[in-house]
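Peer 1: Quick one, structure for this:
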Amino acid sequence: RGTEDYRHSIVEPVLENRDIGYVTPEYWDQFWNYKLGAIWHPDSNLMSSGNTAVLWQKAEEISESSTTGGEFDSWGDIVADGTNPPAYVSTSSNNKFPYIDFDGTNDSASIPFASCPAGLAAGANNDYCIVFVLDLPDSNATQTLFQMNQTTVPGNFIVQHISTSTNNQIKLTLRNTLSISTGTLDVSSNFSYSNTNILICGRINNEHFARVNGNTAVTAAGHGFSPSLGSTDCTIGHGYTGGVNRDFANMNLYELLYFTADSQNDSAFLTDIIKLEGALARKFDIVSVLPDSHTYKSHPPRVINI
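Peer 2: Purely as a prediction, here's the structure:
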């Protein structure tokens, strides 16, 4: 907010190292488009709806190693494995944003346990989801995108992509005190190996769900137990069992967001998910992946429509 000169003083340093042709994400323009209503964005609007952005790692904040060019260093609380860090790529076809390139062999990153946000452990029965903007080629493998807690400990939560058969599946696993609740969700009809995808998955009303590129969710029965931090690091791009890293992901990761609801089956939670799809599709210039029926295919989500 402020005078035009002040706004330019903020925007220009951000853009000065970008390639020619960079398109400013539309939500940065929100105060200049006031006649159409301010652009909705999760940074400020999730909290106002009763949902909380517990973890939000933005593409523009990915850091390259200061000692080894081309290596990923850190991203908020996410840090690279000191031995096998993924690559840092400074620009992409998705609005020139940088990304982290995991090789699917041994690259890994994590949120050290001491830095894990307490809100990752959603309240019992409360809705929650994790959001990825990523490229994920067909690797004919089981790949772990995110893991919280050891597999043998109650509260363990794992998000995996499985492409070992004709089905293209997102597998969500959540352990409670007695058993493991697993949702293996076939997203074959919506997932693209040749495009950047917006993947949103988690739990709504005690059901596992997955949405790909704004398409209608597929669901599987879950239970009311909630993720728990345990006493280990949260991993990004790989899983672990008994302290051994495994199921490395071959992916380019642009954005990562984890948010929770204050209740179960709150209509505002799904509303925010749909708005988020519209906002992220415009940020990364991939509106074309949204189905024609999507609420925000033709226009961005706004705080107030004037």
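
Peer 1: Does Thr182 lie in a helix or a strand, and which?
Peer 2: strand 180-186 (DSSP states H and E).

Peer 1: Name the residues of that strand that are buried.
Peer 2: Across strand 180-186, burial judged by 16 or more other CB atoms under 10 Å covers 181-186. Placement of C-beta: from N, CA and C, glycine included.

Peer 1: Please apply the same query to stretch 234-247.
Peer 2: For stretch 234-247, by 16+ other CB under 10 Å, it's 234-240, 245, 247.

Peer 1: can I get the buried residues of strand 180-186 in JSON lines with pLDDT?
Peer 2: Putting these into JSON lines (pLDDT from 0 to 100) gives the following:
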{"residue": "Ser181", "pLDDT": "89"}
{"residue": "Thr182", "pLDDT": "89"}
{"residue": "Gly183", "pLDDT": "90"}
{"residue": "Thr184", "pLDDT": "91"}
{"residue": "Leu185", "pLDDT": "93"}
{"residue": "Asp186", "pLDDT": "92"}
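
Peer 1: Columns distance to Ala59 on top of the residues you listed, output as a markdown table?
Peer 2: Output for those, formatted as a markdown table (distance: CB to CB, whole Å):
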| residue | distance to Ala59 |
| --- | --- |
| Ser181 | 32 |
| Thr182 | 31 |
| Gly183 | 28 |
| Thr184 | 29 |
| Leu185 | 26 |
| Asp186 | 28 |
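
Peer 1: returning to that earlier point: tell me the one of the buried residues of stretch 234-247 nearest Ser228?
Peer 2: Cys234 (11.3 Å; CB to CB).

Peer 1: Thr144 is in contact with the closest one, correct?
Peer 2: No: with contact defined as CB atoms under 8 Å, Cys234 and Thr144 do not form a contacting pair (11.3 Å).

Peer 1: tell me, what's touching these two both at once?
Peer 2: By CB atoms under 8 Å, 6 or more residues apart in numbering, Cys234 and Thr144 have no common neighbours.

Peer 1: Name all residues that make contact with Leu172.
Peer 2: Per CB under 8 Å, 6+ apart, neighbours of Leu172: 157-160, 182-183, 185, 201-203, 208, 210, 220, 222.

Peer 1: Kindly give the local confidence score, pLDDT, for it.
Peer 2: Leu172 is assigned a pLDDT of 94 by the prediction.

Peer 1: For Ala121, see how far away it is.
Peer 2: 16 Å (CB to CB, to the nearest Å).

Peer 1: Show me what the top strand by length along the chain is packed up against.
Peer 2: Secondary structure assigned by DSSP state E gives strand 250-261 as the longest strand of the chain. Judged by 3 or more CB pairs under 8 Å, 6 or more residues apart in numbering; DSSP states H and E, the packing partners of strand 250-261 are helix 42-48, strand 51-57, strand 99-103, strand 128-135, strand 142-148, helix 267-283.

Peer 1: So for Pro301, which of those sits nearest?
Peer 2: helix 267-283 (3.9 Å).

Peer 1: before we move on, the earlier item: narrow the contacts of Leu172 to those in strands?
Peer 2: Short answer: the contacts of Leu172 in strands (DSSP E) are 157-160, 182-183, 185, 201-203, 208, 210, 220.

Peer 1: so can I have CSV of the residues you listed showing distance to Ser192?
Peer 2: Shown next, in CSV, are the ones in strands among the contacts of Leu172 (distance: CB to CB, whole Å):
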residue, distance to Ser192
Phe157, 26
Ile158, 23
Val159, 18
Gln160, 18
Thr182, 25
Gly183, 21
Leu185, 16
Cys201, 16
Gly202, 21
Arg203, 25
His208, 22
Ala210, 14
Ala220, 22
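
Peer 1: Could you single out the nearest of those to Asn140?
Peer 2: Gln160 (13.9 Å).

Peer 1: So, low pLDDT: which residues of the chain?
Peer 2: 1, 4, 15-38, 44, 47-48, 304-306 (pLDDT under 70).

Peer 1: picking up where we left off before, neighbouring strands for the longest strand of the chain, and are they parallel or not?
Peer 2: Partner strands and pairing direction for strand 250-261 (DSSP bridges) are strand 51-57 (antiparallel), strand 99-103 (antiparallel), strand 128-135 (antiparallel).

Peer 1: the inter-axis angle of the second one versus strand 142-148?
Peer 2: Using axes from the mean of the first three to the mean of the last three CA atoms, to 10 degrees, the direction of strand 99-103 lies 130 degrees away from that of strand 142-148.

Peer 1: Just the buried residues of strand 99-103, please?
Peer 2: 99-102.

Peer 1: Thanks again, I'm all set now.
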